[in-house]
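Engineer: here you go, sequence then predicted model.
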Amino acid sequence: MKRIITSIFILTISITALLQKSQAQCTWQTEITDGYEYTTVCPEIIPGTVWHYTPQTFAVHGGATSLYLNFQDCSGSSGTCAGAKVYERKITVCRNQPLRFSLYLTTSFAGNQSNVRIKVSDSNGNTLDNQASIACDYAPLWTYYQSTSVVPTSDTVIFTMYTNVGGSPGNDLSIDDFMMEKCVGGNAGNSTSTGGICTSSTITNLYPMLGVNDTTGTWSGPSALGNGYHGAWEQGVNPLGAYVYANHFFGPGVGCPLAYDTLDLSLLAPPVVNLGADTTLCTNQSVLLNAGSTPGNTYLWSNGVTGPNALAFTTGGVAVTNTYSVTVTAANGCSNRDTILVNFVLCTGLYENNGANGLSVYPNPTHGEVYVNYDFSTGNALPYSILNTLGEVVATGVLNSGSNMITLPKTEAGIYWIQMTNEKGIVATQKLIISK
């Protein structure tokens, strides 16, 4: 009995989606700005660094005031000496989310030029960015500082400034328009992609199509999906359309934003696979099974063959029924499967190996040349093929009635088959052993 089984295969785009996210550029969104437009004490100034702890008007980049750091003269180990920490700001952030910092600096008055080191680190002790020497222009010119894109591994990031020049007359620094930005696009999710579902599928989980790692998200879209974060889409129950998975791309930590990955669904057709009806052959015959030849399709037979053809044969010389099946996967990711039964029976007459009207070879085993005898009643010349056990054709030609000498192809030693055909199909098959 012939069986055709259509399997379910989801067109997954997880690799593609993941690559798109990792290669996309960030969309930077301002998270914190500080123009130092207040008159209260700035808590980020290290005590003992300056005479003034509130914003001043000595040099201003934007607004009415800026933060003024009046370094105390360095004398021995007292005052503000080279290498001293002068400003430190701790900020709660979303770990794993890319950040960057910027700031404007100027030497407030004539005299020794200010020079600072700015380091960005996290509370795990990792240095994320370190610019060792920033020479600050003299007012009214401003030097712009911007960090690289940094990725904290903790929930706290630390912005620290050190002076490279010890305090002395005229060594005065103003900073203004501090800003921290976070990545909210590109690497932060918010992707839109397409997903295909084979027409044969019954229930398909959409989550594997996204390539995300958060299993705490929720689905929304044209209709409710089942199976929690898996997003089970059911044929005949859920309509096609755009389904959105709201997830924590950077994890569910404090301050971490939600990402929205949209999957636009469509139906895909599986390949057509038809091995034909179940068939009966003599034990000395074989048949080349064909699963199609559509470009882009891949094939996997039950006997391990990975091409479109597989040779069905038996070597035991006894009646047997063999089952052959093949799974064909199309370029769109859908697959189809078909199975055929081949009954091998003992025969006499036309297909008998050594019968008067049969096909015979000599010597067998052989190498180099072989004599093939064919003497059918029709007397017509017939084409022949030599096939290996994978069903691959290694040589072809034409046999005339009577005895023919064939020069064998240069190939690996092993079991091969000589197969003769006419307009109605295969008429005779003989096993050929090629030796070294």
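Structural biologist: Everything's here; your move.
Engineer: quick one, strands of the stretch 301-436 of the chain?
Structural biologist: 309-313, 320-329, 335-345, 359-362, 369-374, 382-388, 393-399, 402-407, 414-422, 425-434 (DSSP state E, counting those that start in this stretch).
Engineer: please apply the same query to the stretch 101-250 of the chain.
Structural biologist: Using DSSP E, counting those that start in this stretch, the strands of the stretch 101-250 of the chain run over 115-122, 127-135, 143-146, 156-163, 172-183, 192-198, 203-205, 218-220, 232-234, 242-247.
Engineer: just the CA atoms of the fourth one, as CSV, please.
Structural biologist: Output for strand 156-163, consisting of C-alpha atoms alone and laid out as CSV, is shown next (Å, rounded to 0.1, in the frame of the first residue of the first chain):
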residue,chain,number,x,y,z
THR,A,156,25.3,50.5,38.2
VAL,A,157,27.7,52.4,35.9
ILE,A,158,30.3,54.9,37.4
PHE,A,159,31.4,58.0,35.5
THR,A,160,34.7,59.2,37.1
MET,A,161,37.0,62.2,36.3
TYR,A,162,40.6,62.6,37.5
THR,A,163,42.9,65.6,37.1
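Engineer: sorry, back to before: looking at the strands of the stretch 301-436 of the chain, which is buried most?
Structural biologist: strand 309-313 (a mean of 22; mean count of other CB atoms under 10 Å). Backbone N, C-alpha and C define where each C-beta goes, glycine included.
Engineer: so which of the strands of the stretch 301-436 of the chain comes closest to Thr33?
Structural biologist: Among the strands of the stretch 301-436 of the chain, strand 320-329 comes nearest to Thr33, with 53.6 Å by CB to CB.
Engineer: pull that closest one out as CSV, backbone CA atoms only.
Structural biologist: Output of strand 320-329 as CSV, limited to C-alpha atoms (Å, rounded to 0.1, in the frame of the first residue of the first chain):
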residue,chain,number,x,y,z
VAL,A,320,11.5,-9.6,0.0
THR,A,321,9.6,-6.3,0.3
ASN,A,322,11.6,-3.2,0.8
THR,A,323,10.3,0.2,2.0
TYR,A,324,11.8,3.3,0.5
SER,A,325,10.9,6.8,1.8
VAL,A,326,12.3,10.3,1.0
THR,A,327,11.9,13.7,2.6
VAL,A,328,12.2,16.6,0.3
THR,A,329,12.8,20.1,1.7
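Engineer: and it, what's its mean pLDDT?
Structural biologist: Across strand 320-329, pLDDT averages out at 94.
Engineer: that strand versus strand 309-313: what angle between them?
Structural biologist: In terms of direction (axes from the mean of the first three to the mean of the last three CA atoms, to 10 degrees), strand 320-329 departs from strand 309-313 by 170 degrees.
Engineer: what comes into contact with strand 320-329?
Structural biologist: Applying CB atoms under 8 Å, 6 or more residues apart in numbering, the set of residues contacting strand 320-329 from outside is 7, 9, 271, 273, 275, 283, 289, 291-292, 297-303, 310, 312, 314, 335-344.
Engineer: hang on, the earlier thing: how about the strands of the stretch 101-250 of the chain in TSV, adding distance to Val398?
Structural biologist: Rendered in TSV, the data for the strands of the stretch 101-250 of the chain read as follows (distance: least, CB to CB, whole Å):
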stretch	distance to Val398
strand 115-122	79
strand 127-135	76
strand 143-146	79
strand 156-163	80
strand 172-183	70
strand 192-198	44
strand 203-205	52
strand 218-220	64
strand 232-234	56
strand 242-247	60
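Engineer: most tightly packed of these?
Structural biologist: Among those, the stretch with the highest mean neighbour count (mean count of other CB under 10 Å) is strand 172-183, at a mean of 23.
Engineer: quick check: angle from it to strand 156-163?
Structural biologist: In terms of direction (the same axes, to 10 degrees), strand 172-183 departs from strand 156-163 by 160 degrees.
Engineer: partners of strand 172-183 in the sheet?
Structural biologist: Paired strands of strand 172-183, with direction, are strand 28-34 (antiparallel), strand 67-70 (antiparallel), strand 99-107 (antiparallel) (DSSP bridges).
Engineer: pLDDT below threshold where in this protein?
Structural biologist: In the predicted model, the chain carries pLDDT under 70 at residues 1-25, 170, 185-189, 347-358, 375-379, 424-426.
Engineer: so what are the domain limits for it?
Structural biologist: 10-23+190-268, 28-183, 279-345, 359-434 (automatic domain parsing).
Engineer: okay, the strands paired with strand 172-183 in a markdown table with mean neighbour count next?
Structural biologist: Output for those, formatted as a markdown table (neighbours: other CB atoms under 10 Å):
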| stretch | mean neighbour count |
| --- | --- |
| strand 28-34 | 14 |
| strand 67-70 | 24 |
| strand 99-107 | 23 |
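Engineer: reformat the ones you listed as CSV; add distance to Leu210.
Structural biologist: Shown next, in CSV, are the strands paired with strand 172-183 (distance: least, CB to CB, whole Å):
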stretch, distance to Leu210
strand 28-34, 23
strand 67-70, 45
strand 99-107, 25
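Engineer: of these, which is nearest Ile203?
Structural biologist: Checking the strands paired with strand 172-183 against Ile203 by CB to CB gives strand 28-34 as the closest, at 38.3 Å.
Engineer: okay, now Pro239: neighbour count?
Structural biologist: Using other CB atoms under 10 Å as the criterion, Pro239 is surrounded by 10 other residues.
Engineer: how much space between Gly414 and Leu67?
Structural biologist: 84 Å (CB to CB, to the nearest Å).
Engineer: also Leu141?
Structural biologist: The gap separating Leu141 from Leu67 is 18 Å, by CB to CB.
Engineer: again, but for Gln97
Structural biologist: Look at Gln97 and Leu67: by CB to CB, they are 26 Å apart.
Engineer: contacting residues around the closest residue to Val342 other than its chain neighbours?
Structural biologist: Among residues not flanking Val342 along the chain, Ala312 sits closest, at 4.6 Å (CB to CB, 6 or more residues apart in numbering). Going by CB under 8 Å, 6+ apart, Ala312 touches Leu281, Ser286, Val287, Leu288, Leu289, Asn322, Tyr324, Val342.
Engineer: if we go to 10 Å?
Structural biologist: 275, 279, 281, 285-289, 303, 322-324, 340-342, 344, 391 (CB atoms under 10 Å, 6 or more residues apart in numbering).
Engineer: give me the beta-bridge partners of it?
Structural biologist: Beta bridges link Ala312 to Val287 when assigned by DSSP bridges.
Engineer: what's the answer for Gln29, then?
Structural biologist: Legend: beta-bridge partners of Gln29 under DSSP bridges are Lys182.
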